[in-house]
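> Take a look and give me a structure for this.
(2 chains)
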Amino acid sequence: MYKNLSIAQKHIVWAWAFLALPVVFYVVIRFYPTANAMLISFQDWNLLGSRTWAGMENYQKLWNDPVFWQVFRNTFVYLILGTPISLVLSFVVAYHLDKTRFMHGTIRMLYFLPFMTSAVAMAWVWRWFYQPVPIGLFNNWLAQFGIPQIEFLRSTTNALPAILAPAVWAGLGFQIIIFMAGLRAIPQSYYEAARIDGVSKWSVLFEITIPLLKPTIVFLVVFSSIGFLRIFDQVFNMTTGDPGGPLNSTKPLVLQIYQSAFTDFDMGYAAAQTVVLFLILLVVSLLQLYLLRDR
Amino acid sequence: MRFTKLKAAALATATSALTVLSSAANAVEIEYWQYFFDARVAAMEQLIENFQAANPDITVTMTHFPYADYRTKVAAAIPAGEGPDVVQLFYGWLNDYKAAELIQPLPAGDFPADAIDAEFFPMVSAMREGDSYWALPTAVRSLALFYNERLFEEAGIDGPPETLDEMLEIGATLTERDGAGNITQAGLTMGMNAQDHHWFREGLVRQFGGEPYLDDYKTVNYNTEAGQKAMEFYIGLGEEGGIGAIGFMDEPQAAFKAGRAGMHIDGSFRIGSLNKTRGLKWGVTELPANADGVRSNYSSYWVNAITTKAEGEKYDAAVKFMQYITSDEAMQIWLDVVGELPAKPSVGLTEENANNETFGPFIRGLAYANTTKFVNESAQRQLLIDAVERVKLQGASIADSLAEAAAAEQKLLDDFYASN
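Numbering: from 1, shown residues only, chains lettered A, B, ... in the order given. Alright, predicted model coming up:
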C-alpha cells in the first residue's frame, strides 16, 4: 500500500511516523493527567477510597477559604516583585557585562553558577544565612556592629522578600545569558549610525537597544512570570517546620496545593486549586503576549 | 532492598529446579510493607528471620518505601490485588484505611479484644471497635525531657528537674544572652512545630487542670481557663526573662544537638540520633510534674494490620505473623534494635526496662500517657503553631488566639467526622 502513495503522501506518512512519539508522549504524560486533574477537581478523593462526585463543592470551599486568598495574594506578590526586579537587574548586568572585556568569561560564569545549583541546597544555605544569632550569618554581622537583629524568616512582613531574594538571584544567570544573546543580535550598524548622528547614550538605549530587545524581553517576562507563579522549592525548603512561613505569610499557591494533596490528602481540593493556577498561568501568559506583541 | 531481592531471585531460580522434582513443600508467601527507616527495617528483618525459623512453611517478604510515597503505593496496590498482606500504618490513619476497605479486622478468636485490653497499654484501645481490634502496635512512643549533662555540670546543677517550677529555675540558670539580649544558649528548646504541641495538648493543658478534648476527641476543650493558663505558661517560656526562644538555632533538636540548649522535650525516636551526635553528653528524665505532682504525657504509635488482600492460606499465615510481631519477644527485639517502647506493660514494665537509664523515663511515662486522636495531625499542629505566632508576631491576646485555634480545630474535627 505504501508503494502506491505519491511522494507528497509518503512525506506525510514519515512526518507522522516521527511525530507519533511526541504525540503519544503529550497525550499520555500531559493531556490525560491534565484532564484527569480537572475531573478530580469536581470529586472527593483521599487517595485511598473511591472517588465520589462532589460537584462544585471544592470550588465553593476554595472561594470561602481565607487561606486560599492569602496564598493567592502571596503568589501575585512573588510575581509582581520578582519579575520586574529580576528583569531590571539582569538587564543592567548584561548591558554592562556586554561592554566588559576584562574577565568577561569568569564574571559571566559567576552569574550563571547559582542557576546551575540545586534550588534545595541553595534554599538551605540561605535559610542558615537568615537565622537569628548565634548561628545566622546576617544577624551575626548585625550583632557585631551592635545593630539589633532582624527576624528574617520568623516575621509576617520580612519573610516573603527574604525568600524572594535567593529566588531572584538564582534566576539571574539565565536571564543575563539570554539578554546578552539578545544584545549581540542587534546589528552594529544601528549603533554606528547613531554615533555618526551624535545621539546621546540614553537615546541609544531607549530608541535602539530596548526596542530591538523586545522579543527577548517578551520571552523573559513570560518565562520568569511563570517561574514566580510556580515558586515552590525555595519556600518549601526555607520554611519546613512551619510550612509557608509564619501565619501563611510566604505560602504560594503551589505549596498550598501540595499540602492539600499530600498532607491533608484532599485531592479534590488540591485539584481545584490546580485548575485555578492553570487558569492564572494561562491568562497571565496570554495577556503578556498580547501586551508585548509586535504591532 | 534491591540487593536482597536479587539474591532472593537468584535463590528462587536455583531452587525452582529442585522444587519441580520434589513434591512442592507448599510454602505460603506473604508480603509485609513498612516505610523506610534504617532501624525499623533491621528490626523487622530479625523478626521475620525468627518467625520463619518457627514457621518453615511461611515465607515473609518485606518491602519498604520512602515515607513520602507510602500512602500512594499502599492505596494503589491493595485494590489491584498486589502489595502487602500485613501492612504498617500510623494510628491516626486507621479510619481512612478502614473506610477505604484496605484492611480487615483481626479475627476475634486469635485476638480476643478483652484480653488485648488487659494486656496492652491503655492507649492501644483506640484500635478497638466493638468486639474486635483492627490493628495492633509492636511498639509505642512517648515524650520525655532530654538534658545536657555537660551544661548541667558546668552550671553546678545536680540533677534534672522534677517539676515545672524546677525546670524554670534550672532553665534560667542555663540561659545565656549577648549584650543585645539575644539568646545564645537556651535553657529549654521551644517550638510548636516539633513535639511541643503534643506537650501542650496532653501535657500542660492537663497539668493546669484541663481536659484538652471531650467526647472521645471529637470536641475541642482547650479553650478554657486551664488551656489559657497552659498557653500563657508556654508562651512565657519564650518571653523576655524566659528560658528559651522560638526559632532559636532553627530547630529545637538542632539546638540541643549542638549543645546550645540545656533541656529539650522530644520523643523516644530521638534517642538514636542523639547517640550518634559526637561530643554530646545527655541524660533523660520524665516530663516535669506540676506543683501537685501531676504528670501527663503523650504517646503515639504505628500499628500493623491485615489487609483485605490476604485470603485463604495467606490470611492464616498473616494472622500467625501478626501474632508473632505483637508478642513479648518481638517487642523486646523492637526495643533493643529501634529503641521504641514495648506496647505491653508485661514487657515494658519489667524491672530491667522500666529502670533502664535511657528508656526508663519514656516507659514510665506510658503509664500516664494519652493518645490524641488526630484526624489530620499536621493541620492540627499548624493551628497551634499559628496560635503562638498570632500572639508573638501580631500581638493578639492569648485568649483570642487560643479561641481562634480551638474553633478552627473543631471545624476540622466536625468536617472529618461528618464524612467518616
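> okay, CA-based contacts and neighbour counts for the rest of this
OK.
> Quick one: the strands in the stretch 151-300 of chain B, in order.
Along the stretch 151-300 of chain B, counting by DSSP state E, counting those that start in this stretch, strands occupy B:176-177, B:183-188, B:213-214, B:219-220, B:261-267, B:282-285, B:297-307.
> cool, and chain A?
Per DSSP state E, chain A carries strands over the ranges A:43-44, A:52-53.
> how many neighbours does residue 166 have?
Chain wasn't specified; assuming chain A. A:Pro166 has 19 neighbours, counted by other Cα atoms under 10 Å in any protein chain shown.
> nope, chain B
Neighbour count of B:Glu166, defined by other Cα under 10 Å: 16.
> From B:Tyr222, how far off is it?
Between B:Glu166 and B:Tyr222 the computed distance is 25 Å (Cα to Cα, to the nearest Å).
> now do B:Val41
Note on B:Val41: its distance to B:Tyr222, by Cα to Cα, is 38 Å.
> Over to A:Leu212?
A:Leu212 is 65 Å from B:Tyr222, by Cα to Cα.
> Look at these two and report which has more neighbours.
Comparing A:Leu212 with B:Tyr222 by other Cα under 10 Å, the one with more neighbours is B:Tyr222, at 24 against 17.
> got a list of what the residue of chain B found nearest chain A touches?
Closest contact between chain B and chain A, by Cα to the nearest Cα, is at B:Ala100 (4.1 Å). Residues near B:Ala100 by Cα atoms under 8 Å, 6 or more residues apart in numbering or on different chains: A:48-50.
> among these, which are within reach of chain B?
Filtering these for proximity to chain B by Cα under 8 Å from any Cα of the partner chain leaves A:48-50.
> Out of those, who's the most crowded?
For the ones next to chain B among the contacts of B:Ala100, neighbours tallied by other Cα under 10 Å; top is A:Leu48, 22 neighbours.
> Enumerate every residue touching the closest residue to that one other than its chain neighbours.
The spatially closest residue to A:Leu48, leaving aside those adjacent along the chain, is B:Ala75, at 4.9 Å (Cα to Cα, 6 or more residues apart in numbering or on different chains). B:Ala75 sits next to A:47-49, B:102 when contact means Cα under 8 Å, 6+ apart.
> Quick check: chain neighbours aside, which residue is closest to the residue in the stretch 1-150 of chain A that chain B sits nearest to?
For the stretch 1-150 of chain A and chain B, the shortest gap (Cα to the nearest Cα) falls at A:Gly49, measuring 4.1 Å. Leaving aside its chain neighbours, A:Gly49 sits nearest to B:Ala100 (4.1 Å; criterion: Cα to Cα, 6+ apart).
> residues from chain A in reach of chain B?
So chain A meets chain B at A:47-50, A:131-135, A:143, A:146, A:148, A:154-156, A:241-242, A:246-247, A:263-264 (Cα under 8 Å from any Cα).
> Recalculate using a threshold of 6 Å.
For chain A, the contact set with chain B under Cα under 6 Å from any Cα of the partner chain comprises A:48-49, A:134, A:241, A:247.
> quick one: which two of these are the most distant?
A:Gly49 and A:Pro134 (48.4 Å; Cα to Cα).
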